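**Q** Provide a 3D model corresponding to the input given below.
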Amino acid sequence: MQPLTPRSYLFVPGNRPERFAKACAAGAGAVIVDLEDAVPPAEKVAARASVAAWLLSDNPVLIRINSADTEWFRDDLALCRLPGVAGIVLPKAERVTDLARVGRAGGISILPLIESAQGFWNVKALSQAPRVQRLVFGSIDFQLDLGIDGDNEELLYFRSQLVLVSRVAGIQSPVDGVSTVIDDHEQLRSDTLRARRLGFGAKLCIHPRQVAQVNEGFSPDESDIAWAKRVLEAASTAEGAAVAVDGKMVDRPVILKAQEILTESKRRNSLAQGVTSGTKK
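**A** Next up, the predicted model:
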């Protein structure tokens with residue numbers, strides 16, 4: 001069975017190696033060891049060495065390296081070839097040539113962070129570059145770069161464009177930016193559901209306490225599953241005739257959506273059962 005596409009990406013500071021294992025056990029779809037914003041300039045070299053020493057091939061993580069316009073970028077690229085690196089998150093992604101440098105260094109997969117006007121302007125080319133797995137929206141830095149005050153309707157156009165570009169490029173649905181709230185569950189739920197409604201497939205997390213709620217927000221809930229079952233049951237008995245479910249007409253796109261929901265639910269349940277069985281052993 002193919003691995004599931006991550007719904008949550010949890011950051012852990014690259015200069016806090018005592019937190020690496022805890023982050024990997026937090027239930028996130030993927031862990032991003034951060035060498036950029038989370039690490040002060042004076043600790044960059046030591047953090048890189050700590051990450052290189054910790055990496056394990058049986059517990060792969062993503063690495064957010066420093067951007068291409070920094071003095072640390074070249075040396076950070078040496079991490080690309082090490083066992084245990086599942087991919088590279090490239091901050092301030094703006095040029096295809098920078099993605100190519102990551103690819104030549106051995107980056108298995110690349111997740112460009114779109115967090116500037118220039119990056120957004122070039123996002124079509126970035127999305128089509130080799131080894132790009134999915135786009136990541138660095139919404140906070142993006143607001144700062146464009147002078148935008150607000151994270152809701154103010155960024156609606158930009159979020160929608162990232163979803164559209166990803167679909168046209170044939171890559172995974174994009175990852176939404178972080179929510180800075182940690183204990184405001186209602187705000188985190190609202191942010192996550194907004195991202196899902198817009199077509200995002202995952203969200204960045206800055207604290208382990210955010211992970212479970214983000215995972216839940218991007219997963220079919222019981223009402224989604226019940227609706228999907230009603231749709232497929234109605235369609236199977238209609239024999240091609242027009243049919244309505246919950247007062248709404250059911251056509252092919254609706255049926256495909258229902259099938260997608262049930263397929264994802266079954267896959268996640270199967271993997272969860274496999275993990276449980278492995279734990280019991």
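
**Q** residue ranges in the protein under the pLDDT threshold?
**A** Scanning the chain for pLDDT under 70 picks out the ranges 1-3, 239-241, 267-281.

**Q** in this structure, what residue spans correspond to helices?
**A** 20-24, 44-54, 73-76, 96-104, 117-121, 123-127, 139-146, 156-169, 185-198, 208-217, 222-238, 252-280 (DSSP state H).

**Q** and of the ones you listed, who's closest to residue 110?
**A** helix 96-104 (5.4 Å; CB to CB). (Glycine included, C-beta is placed from N, CA and C.)

**Q** contact partners of the closest one?
**A** Helix 96-104 has contacts (CB atoms under 8 Å, 6 or more residues apart in numbering) with 65, 68, 77, 80, 88, 90, 93, 110, 112, 122, 125-126, 129-132.

**Q** out of these, which is nearest to residue 5?
**A** residue 132 (14.4 Å).

**Q** residues contacting the closest residue to that closest one other than its chain neighbours?
**A** Once flanking residues are discounted, residue 132 sits nearest to residue 110: 5.2 Å by CB to CB, 6 or more residues apart in numbering. Residues near residue 110 by CB under 8 Å, 6+ apart: 87, 88, 90, 99, 102, 103, 129, 131, 132, 133.

**Q** tally of neighbours for the nearest residue to residue 44 once chain neighbours are set aside?
**A** Nearest residue to residue 44 in three dimensions, chain neighbours excluded: residue 72, at 5.0 Å (CB to CB, 6+ apart). Neighbour count of residue 72, defined by other CB atoms under 10 Å: 18.

**Q** and residue 72, how far from residue 178?
**A** 22 Å (CB to CB, to the nearest Å).

**Q** ranking the contacts of residue 110 by neighbours, who comes first?
**A** When neighbours are taken as other CB under 10 Å, the top entry among the contacts of residue 110 is residue 90 (29 neighbours).

**Q** my guess is that residue contacts residue 67. True?
**A** Yes. With contacts counted by CB atoms under 8 Å, residue 90 reaches residue 67, the gap being 7.2 Å.

**Q** hang on, the earlier thing: which of the contacts of helix 96-104 fall in strands?
**A** 88, 90, 110, 112 (DSSP state E).

**Q** turn these into JSON lines, columns for distance to residue 26.
**A** Converted to JSON lines, these look like this (distance: CB to CB, whole Å):
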{"residue": "88", "distance to residue 26": "21"}
{"residue": "90", "distance to residue 26": "23"}
{"residue": "110", "distance to residue 26": "24"}
{"residue": "112", "distance to residue 26": "24"}
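
**Q** residue 231 - how many residues pack around it?
**A** By other CB under 10 Å, 22 other residues sit near residue 231.

**Q** name the nearest residue to it, ignoring sequence neighbours.
**A** That would be residue 258: by CB to CB, 6+ apart, it lies 4.0 Å from residue 231.

**Q** any idea how far residue 49 is from that neighbour?
**A** Where residue 49 is concerned, residue 258 sits at a distance of 51 Å (CB to CB).

**Q** quick one, phi/psi of residue 56?
**A** Torsion angles at residue 56 (phi, psi; degrees, to the nearest 10) stand at phi -130, psi 130.

**Q** could you check how far the residue nearest to it when sequence neighbours are not counted is from residue 186?
**A** Excluding its sequence neighbours, the residue lying closest to residue 56 (CB to CB, 6+ apart) is residue 84, at 4.9 Å. Using CB to CB, one gets 37 Å for the distance from residue 84 to residue 186.

**Q** I am finished for the moment; much appreciated.
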